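**Student:** starting from these lines, generate the structure:
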Amino acid sequence: MLYLYVDMILGVSNAAARAVLGVELQMPSDEPYLSTSLQDFWGRRWNLTVTNALRHTVYKPLKSFLEPRLGAPWGAAAVAVMAAFLVSGLMHELLYYYMTRARPTWEVTGFFVLQGVCVVAEVAAKAAAGERWRPSNAVATPLTRAIQECKALVEWLKPNF
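**Tutor:** The predicted structure is shown next:
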(Lines give C-alpha, C1' and ligand atoms only; values in the text may rest on other atoms or scores of the structure.)
Protein backbone atom coordinates (compact mmCIF):
# COMPACT_ATOMS: atom_id res chain seq x y z
CA MET A 1 0.00 0.00 0.00
CA LEU A 2 2.89 2.36 0.71
CA TYR A 3 3.88 2.31 -2.96
CA LEU A 4 0.35 3.07 -4.09
CA TYR A 5 0.06 6.01 -1.66
CA VAL A 6 3.43 7.43 -2.72
CA ASP A 7 2.45 7.10 -6.40
CA MET A 8 -0.88 8.85 -5.75
CA ILE A 9 0.68 11.72 -3.80
CA LEU A 10 3.37 12.25 -6.42
CA GLY A 11 0.85 11.97 -9.24
CA VAL A 12 -1.21 14.77 -7.69
CA SER A 13 1.95 16.84 -7.13
CA ASN A 14 2.97 16.28 -10.74
CA ALA A 15 -0.48 17.36 -11.97
CA ALA A 16 -0.26 20.52 -9.82
CA ALA A 17 3.22 21.36 -11.12
CA ARG A 18 2.05 20.81 -14.69
CA ALA A 19 -1.01 23.06 -14.16
CA VAL A 20 0.78 25.85 -12.29
CA LEU A 21 4.28 25.80 -13.79
CA GLY A 22 3.70 24.04 -17.08
CA VAL A 23 6.44 21.47 -16.37
CA GLU A 24 6.32 17.68 -16.22
CA LEU A 25 8.15 16.23 -13.23
CA GLN A 26 9.89 12.88 -13.45
CA MET A 27 8.05 10.31 -11.38
CA PRO A 28 10.39 8.82 -8.80
CA SER A 29 8.99 5.31 -9.19
CA ASP A 30 7.50 3.17 -11.92
CA GLU A 31 4.64 1.14 -10.44
CA PRO A 32 6.81 -0.72 -7.90
CA TYR A 33 3.84 -2.85 -6.82
CA LEU A 34 4.09 -4.60 -10.23
CA SER A 35 7.69 -5.75 -9.69
CA THR A 36 8.40 -9.27 -10.84
CA SER A 37 11.64 -9.66 -8.87
CA LEU A 38 13.75 -7.91 -6.26
CA GLN A 39 16.13 -6.91 -9.03
CA ASP A 40 13.21 -5.39 -10.95
CA PHE A 41 11.96 -3.59 -7.83
CA TRP A 42 15.28 -2.03 -6.79
CA GLY A 43 16.80 -1.56 -10.24
CA ARG A 44 13.91 -0.40 -12.41
CA ARG A 45 10.89 0.55 -10.35
CA TRP A 46 11.55 2.03 -6.88
CA ASN A 47 13.10 5.45 -6.18
CA LEU A 48 14.52 5.89 -9.67
CA THR A 49 16.39 9.09 -8.82
CA VAL A 50 18.45 7.37 -6.13
CA THR A 51 18.73 4.17 -8.17
CA ASN A 52 20.23 6.09 -11.10
CA ALA A 53 22.55 8.08 -8.83
CA LEU A 54 23.86 4.92 -7.14
CA ARG A 55 24.17 3.13 -10.47
CA HIS A 56 26.38 5.88 -11.90
CA THR A 57 28.37 6.81 -8.78
CA VAL A 58 28.85 3.45 -7.01
CA TYR A 59 27.84 0.41 -9.07
CA LYS A 60 29.31 1.16 -12.51
CA PRO A 61 32.65 2.67 -11.36
CA LEU A 62 33.27 -0.10 -8.83
CA LYS A 63 32.29 -2.85 -11.26
CA SER A 64 34.59 -1.35 -13.94
CA PHE A 65 37.43 -1.12 -11.43
CA LEU A 66 37.02 -4.67 -10.12
CA GLU A 67 36.36 -6.63 -13.33
CA PRO A 68 39.96 -6.62 -14.61
CA ARG A 69 41.34 -7.21 -11.12
CA LEU A 70 39.01 -10.08 -10.18
CA GLY A 71 38.84 -11.59 -13.65
CA ALA A 72 35.22 -12.54 -13.00
CA PRO A 73 32.45 -10.20 -14.19
CA TRP A 74 29.93 -11.92 -11.90
CA GLY A 75 32.10 -11.37 -8.81
CA ALA A 76 32.68 -7.72 -9.66
CA ALA A 77 28.96 -7.18 -10.24
CA ALA A 78 28.06 -8.86 -6.92
CA VAL A 79 30.52 -6.69 -4.98
CA ALA A 80 29.27 -3.57 -6.77
CA VAL A 81 25.62 -4.43 -5.96
CA MET A 82 26.50 -4.94 -2.29
CA ALA A 83 28.43 -1.65 -2.21
CA ALA A 84 25.48 0.25 -3.73
CA PHE A 85 23.10 -1.16 -1.11
CA LEU A 86 25.59 -0.40 1.68
CA VAL A 87 25.91 3.22 0.50
CA SER A 88 22.11 3.47 0.31
CA GLY A 89 21.82 2.20 3.88
CA LEU A 90 24.44 4.65 5.12
CA MET A 91 22.69 7.51 3.32
CA HIS A 92 19.41 6.57 5.01
CA GLU A 93 21.14 6.43 8.41
CA LEU A 94 22.59 9.89 7.80
CA LEU A 95 19.21 11.31 6.77
CA TYR A 96 17.55 9.82 9.88
CA TYR A 97 20.32 11.23 12.05
CA TYR A 98 19.88 14.72 10.62
CA MET A 99 16.10 14.53 11.07
CA THR A 100 16.07 13.09 14.61
CA ARG A 101 19.57 13.70 16.04
CA ALA A 102 19.32 10.19 17.48
CA ARG A 103 22.36 7.92 17.31
CA PRO A 104 22.18 5.43 14.44
CA THR A 105 21.08 1.92 15.36
CA TRP A 106 22.37 0.53 12.03
CA GLU A 107 19.10 -1.34 11.53
CA VAL A 108 18.40 0.65 8.38
CA THR A 109 21.84 -0.13 6.98
CA GLY A 110 21.29 -3.77 7.91
CA PHE A 111 17.98 -3.72 6.04
CA PHE A 112 19.63 -2.43 2.87
CA VAL A 113 22.56 -4.84 3.12
CA LEU A 114 20.00 -7.65 3.45
CA GLN A 115 18.30 -6.35 0.30
CA GLY A 116 21.66 -6.48 -1.49
CA VAL A 117 22.27 -10.06 -0.36
CA CYS A 118 18.81 -11.04 -1.61
CA VAL A 119 19.33 -9.35 -5.00
CA VAL A 120 22.73 -11.04 -5.46
CA ALA A 121 21.21 -14.40 -4.49
CA GLU A 122 18.32 -13.84 -6.89
CA VAL A 123 20.65 -13.01 -9.78
CA ALA A 124 22.76 -16.10 -8.99
CA ALA A 125 19.65 -18.30 -8.88
CA LYS A 126 18.46 -16.91 -12.22
CA ALA A 127 21.88 -17.55 -13.76
CA ALA A 128 21.93 -21.11 -12.41
CA ALA A 129 18.41 -21.87 -13.64
CA GLY A 130 18.95 -20.22 -17.01
CA GLU A 131 15.92 -20.07 -19.24
CA ARG A 132 14.71 -23.47 -18.04
CA TRP A 133 12.60 -22.03 -15.29
CA ARG A 134 11.08 -18.57 -15.12
CA PRO A 135 7.87 -18.02 -13.17
CA SER A 136 5.09 -16.14 -14.91
CA ASN A 137 4.38 -12.56 -13.84
CA ALA A 138 1.18 -13.84 -12.19
CA VAL A 139 3.40 -15.83 -9.82
CA ALA A 140 6.49 -13.61 -9.69
CA THR A 141 4.73 -10.35 -8.77
CA PRO A 142 2.88 -11.61 -5.65
CA LEU A 143 5.94 -13.64 -4.63
CA THR A 144 8.14 -10.55 -4.87
CA ARG A 145 5.64 -8.53 -2.82
CA ALA A 146 5.43 -11.27 -0.19
CA ILE A 147 9.21 -11.43 0.16
CA GLN A 148 9.43 -7.64 0.47
CA GLU A 149 6.65 -7.50 3.06
CA CYS A 150 8.15 -10.30 5.16
CA LYS A 151 11.57 -8.64 5.16
CA ALA A 152 10.02 -5.29 6.03
CA LEU A 153 8.11 -6.80 8.95
CA VAL A 154 11.21 -8.51 10.29
CA GLU A 155 13.50 -5.50 9.91
CA TRP A 156 11.24 -2.52 10.58
CA LEU A 157 8.73 -3.78 13.10
CA LYS A 158 10.93 -5.87 15.38
CA PRO A 159 10.91 -4.75 19.01
CA ASN A 160 13.86 -2.70 20.17
CA PHE A 161 15.03 -4.53 23.26
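**Student:** which non-adjacent residue is nearest Lys60?
**Tutor:** Distances taken as Cβ to Cβ, 6 or more residues apart in numbering put Ala80 closest to Lys60, at 7.6 Å, once the chain neighbours are dropped. No exception for glycine: its C-beta is placed from N, CA and C like everyone else's.
**Student:** so Arg134 versus Ser37, what's the distance?
**Tutor:** Per Cβ to Cβ, to the nearest Å, Arg134 is found 10 Å from Ser37.
**Student:** give me the contact list for stretch 87-99.
**Tutor:** Contact with stretch 87-99 is made by 50, 54, 58, 102-104, 106, 108-113, as judged by Cβ atoms under 8 Å, 6 or more residues apart in numbering.
**Student:** run the last query once more with 6 Å
**Tutor:** Val58, Pro104, Val108, Thr109, Phe112, Val113 (Cβ atoms under 6 Å, 6 or more residues apart in numbering).
**Student:** which of Arg134 and Ser37 has more neighbours?
**Tutor:** The neighbour count for Arg134 versus Ser37, taken as other Cβ atoms under 10 Å, is higher for Ser37 (22 against 13).
**Student:** which residues does the residue nearest to Lys60 contact?
**Tutor:** Per Cβ under 6 Å, 6+ apart, neighbours of Ala80: Tyr59, Leu62, Lys63.
**Student:** out of these, which comes closest to Ala138?
**Tutor:** Using Cβ to Cβ, Tyr59 is the member of the contacts of Ala80 that sits closest to Ala138, with 30.4 Å.
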